[in-house]
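**Q** quick check, what structure comes out for this input:
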Amino acid sequence: MKLYIKYMVSLRCKLMVKSELEKLGLHYINIELGLVETKETLNPKQVAALKANLAVSGLELLDDEKSILVDKIKNVIIEVIHYSDEIPKVNYSDYISDKLGYDYTYLSNLFSEVKGITIQHFIINHKIERAKELILYNELNLTQISYMLHYSSVAHLSNQFKKVTGHTPSFYKKIGKKRKGNLENL
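**A** Sure, this is the predicted structure:
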């Protein structure tokens, strides 16, 4: 049985879901971001118990088809931006469409209707969050980060970064160093 779970966006979330399934004596075949495949079909009582247990951890079991598809879109985006080292060989719209097997226009309209923002804005927000992480890790320079996040240039990354955060990447890096220094002095 396939179960779709909202807000399941990290490895820690996978571990929480695995733990909740084990507590209920349920066996899984596969656990991915936003999706769990169980060996058995759950009865309504088991579904209600899983739903309640997941809610305690901030996760939500989805049953509405539109919400499920929107969550799949979000998970594809999060996975490619945060967890994949490979740059998509095609643009994001084609990648999402191919991965989910739906026309991008349909996916885009549905996402905007349900989330209140466009897929493009969601992608930009996640790319900037990933850029922030990479800047603070201080392992890559801006050229490498812009290439990794599929930007056409450092200037493009810097412009979007400033639009979203209100700061330049270099200013953000300075703030990060100051915070780190302050934490170490505690």
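**Q** may I see the buried residues of stretch 45-63?
**A** Neighbour counts over stretch 45-63 (16 or more other C-beta atoms under 10 Å) mark 46, 49, 50, 51, 53, 54, 59, 60, 61, 62 as buried. (Each C-beta comes from the backbone N, C-alpha and C, glycine too.)
**Q** mind checking the longest helix of the protein?
**A** For the chain, the helix with the greatest residue count under DSSP state H is helix 119-137.
**Q** give me the residues contacting it.
**A** Where contact means C-beta atoms under 8 Å, 6 or more residues apart in numbering, the residues beyond helix 119-137 that reach it are 73-74, 77-78, 81-82, 92-93, 96, 107-108, 111-112, 115, 140, 142, 145, 148-151, 157, 160-161, 164-165, 169, 172-173, 176.
**Q** domain-wise, how is the protein divided?
**A** Annotated domains of the chain cover 1-63, 69-186 [automatic domain parsing].
**Q** would TSV of these with mean pLDDT be doable?
**A** Below are these laid out as TSV (pLDDT from 0 to 100):
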stretch	mean pLDDT
domain 1-63	89
domain 69-186	88
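**Q** quick one: contacts for the most centrally placed residue in the chain?
**A** Geometric centre of the chain, nearest residue: residue 78, 2.8 Å, by C-alpha atoms, centre = their mean. Residues near residue 78 by C-beta under 8 Å, 6+ apart: 9, 33, 126.
**Q** distance check, it against residue 25.
**A** Separation of residue 78 from residue 25 (C-beta to C-beta, to the nearest Å): 30 Å.
**Q** equivalent analysis for residue 5, please.
**A** 18 Å.
**Q** and these two? which has more neighbours close in?
**A** Between residue 5 and residue 25, counted using other C-beta atoms under 10 Å, the more crowded position is residue 5 (27 against 8).
**Q** OK, contacts around the more buried one?
**A** Counting by C-beta under 8 Å, 6+ apart, residue 5 touches 13, 17, 34, 35, 36, 54, 59, 60, 61, 62, 71.
**Q** beta partners for the fourth one?
**A** In this case it means residue 35. Judged by DSSP bridges, the bridge partners of residue 35 are residue 4, residue 32.
**Q** so what's residue 112 closest to, chain neighbours aside?
**A** In this structure, residue 112 finds its nearest non-sequential neighbour in residue 118, 5.4 Å apart by C-beta to C-beta, 6 or more residues apart in numbering.
**Q** how near is residue 22 to residue 67?
**A** Using C-beta to C-beta, residue 22 is found at 26 Å from residue 67.
**Q** look at these two and report which has more neighbours.
**A** It is residue 67, of residue 22 and residue 67, that has more neighbours when counted by other C-beta under 10 Å, with 15 against 11.
**Q** the more buried one: what secondary structure?
**A** helix (DSSP: H, G, I helix; E, B strand; the rest coil).
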